[in-house]
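1. Have a look at this prediction, sequence included:
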Amino acid sequence: MNDFKPAKEVLLAASLTFAVLGKSLYQELSVAELEQLLQAQVFTGLPYGAAQEDSQRGIACLSEWTRANSEGLSQESLDAIRHDYLYLFAGVGHPGASPWESTYFNEARATFAKQTLEVRDWYKRYGLMIERKNREPDDAIGYELSFVAHLAQGAATALASAREADYEEHLQALRGFLTEHLLRWAFIWSDRVQQNARSDFYRGLALLVCGSLKALWCELGEWGDIQGHQGCHRGMTQTL
């Protein structure tokens, strides 16, 4: 068993970062939500993974987006973000960066495949399910990132309460879910976003996802080549 033990503060920072990324990628953000992100400069101040090169590049993209819209979200920026969401994620034509894990592992690029059900089972183990079960895939990038946030929060809570077995169980769940799912496709997804995005907003988010995943993998005591795992809290409700 890996005996590496991330501190509570590290886990809380990871949880916050993955929660923000998950929420930002679950569905198309409204103008009001984008304006709020601009005003708060959320992404330039995320507390986790900043030492990773991908995170630094992502922060640079989002800082440029923030600077370009310092006097309010411009129509040009809004149009680019809307275009990216529709053509990268929503499936207008062939999605440039499909947000569903299962589409990366079958020739038909079908959703609701084997990976979707496996991810659903992971959520169920921890008292979670998506709001639109059976109407949208459980293995969307936003949901999976939100689940990582949930597990990191659970580990931090267990550590603060001196529940050692619960803490270890959450760490093992993080390693297992990352190995079996996110690390197998998230970098491919990110590459496609970077290649096809028109907006610094989504390009920056994709880079932050990479940097945050790499940082978490190291925090969990796994220092091997993370690329070797590639096989190539919105919307998620508690059912406790």
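-> Alright, I've got the coordinates. Because the structure is a prediction, the values reported are computed rather than measured. Numbering: from 1, shown residues only.
2. Show me what the helix or strand where Gln172 lies is packed up against.
-> In this structure, Gln172 sits in helix 164-177 according to DSSP states H and E. Under the contact criterion of 3 or more CB pairs under 8 Å, 6 or more residues apart in numbering; DSSP states H and E, helix 164-177 touches helix 114-125, helix 141-160. Backbone N, C-alpha and C define where each C-beta goes, glycine included.
3. could you point out where this structure is predicted with low confidence?
-> Residues of the chain meeting the criterion pLDDT under 70: 1-4, 92-93, 133-134, 223-240.
4. That one: helices as residue ranges?
-> 8-26, 31-40, 53-68, 75-84, 114-125, 141-160, 164-177, 183-196, 200-219 (DSSP state H).
5. got these as JSON lines, with distance to Pro95 columns?
-> Shown next, in JSON lines, are the helices of the chain (distance: least, CB to CB, whole Å):
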{"stretch": "helix 8-26", "distance to Pro95": "13"}
{"stretch": "helix 31-40", "distance to Pro95": "21"}
{"stretch": "helix 53-68", "distance to Pro95": "21"}
{"stretch": "helix 75-84", "distance to Pro95": "11"}
{"stretch": "helix 114-125", "distance to Pro95": "16"}
{"stretch": "helix 141-160", "distance to Pro95": "12"}
{"stretch": "helix 164-177", "distance to Pro95": "24"}
{"stretch": "helix 183-196", "distance to Pro95": "9"}
{"stretch": "helix 200-219", "distance to Pro95": "13"}
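6. which residue is nearest the centroid of this structure?
-> By CA atoms, centre = their mean, the chain has its centre lying nearest to Leu145, at 3.4 Å.
7. Is that residue in contact with Leu208, as I believe?
-> No. Between Leu145 and Leu208 there is no contact under CB atoms under 8 Å: 10.1 Å.
8. and for those two, which residues touch both?
-> Leu21 (CB atoms under 8 Å, 6 or more residues apart in numbering).
9. Contact partners for Leu34?
-> Leu73, Leu78, Ile81, Phe201.
10. swap the cut-off to 10 Å and go again
-> Ser24, Glu28, Trp65, Asn69, Leu73, Ser77, Leu78, Ile81, Phe201 (CB atoms under 10 Å, 6 or more residues apart in numbering).
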